[in-house]
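>>> Mind looking at a prediction? Sequence and model below.
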Amino acid sequence: MKDSRFLIIEDNPGDIRLMQIAIQRAQIPVELEVHGRGEEALKDLKDRSEANFPDLIILDINLPGMTGFEILKEIKSDSRLSRIPAFIMSSSENVKDRERAVSGGALNYFSKPNTMQDLQNLMISFVESTQMKESSQ
């Protein structure tokens, strides 16, 4: 089984580091790519061949420049990029944010976990979702 490839669009270095630690501690095979700005991530994605797309995208809402919602809209309106599963993971627990994310095309919305164990479990569930997608193709 190949490593899953995650694109994380997150501007907080502390949150990025926590995700890296959670993945290491859970011993899950993930190749991480990180962009701190949505504009850079979108340009990079649009310049890639589909064979080099990530298996999934994890977006924060509050980013410099474009918001996570705006990035999600761009991804879901692009015929090539729209096939990449996208998840929102944010510190916001606002129900309207959750509804907006899912109605905008995110597979799910997660509040950033409060414990390392919860973050590890979330990262494991992301990997499992990419493996299920892979096995159904």
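Ah, there it is.
>>> from here on, contacts and neighbour counts on C-alpha atoms
Will do.
>>> Check which residues of the lengthiest helix in the chain are buried.
The single longest helix within the chain, with elements called by DSSP state H, is helix 116-135. Neighbour-count burial for helix 116-135 flags Leu119, Gln120, Asn121, Leu122, Met123, Ile124, Phe126, Val127, Thr130, Gln131 (criterion: 16 or more other Cα atoms under 10 Å).
>>> Please name the nearest non-neighbouring residue to Ile28.
Excluding the flanking residues, the one nearest Ile28 by Cα to Cα, 6 or more residues apart in numbering is Ile124, at 7.0 Å.
>>> in this protein, which spans are helices?
Ranges of helices in the chain, per DSSP H, are 13-26, 38-47, 68-77, 95-103, 116-135.
>>> Tabulate these (JSON lines), appending distance to Asp3 and mean pLDDT.
Formatted as JSON lines, the helices of the chain follow (distance: least, Cα to Cα, whole Å; pLDDT from 0 to 100):
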{"stretch": "helix 13-26", "distance to Asp3": "12", "mean pLDDT": "92"}
{"stretch": "helix 38-47", "distance to Asp3": "19", "mean pLDDT": "95"}
{"stretch": "helix 68-77", "distance to Asp3": "23", "mean pLDDT": "96"}
{"stretch": "helix 95-103", "distance to Asp3": "27", "mean pLDDT": "94"}
{"stretch": "helix 116-135", "distance to Asp3": "9", "mean pLDDT": "79"}
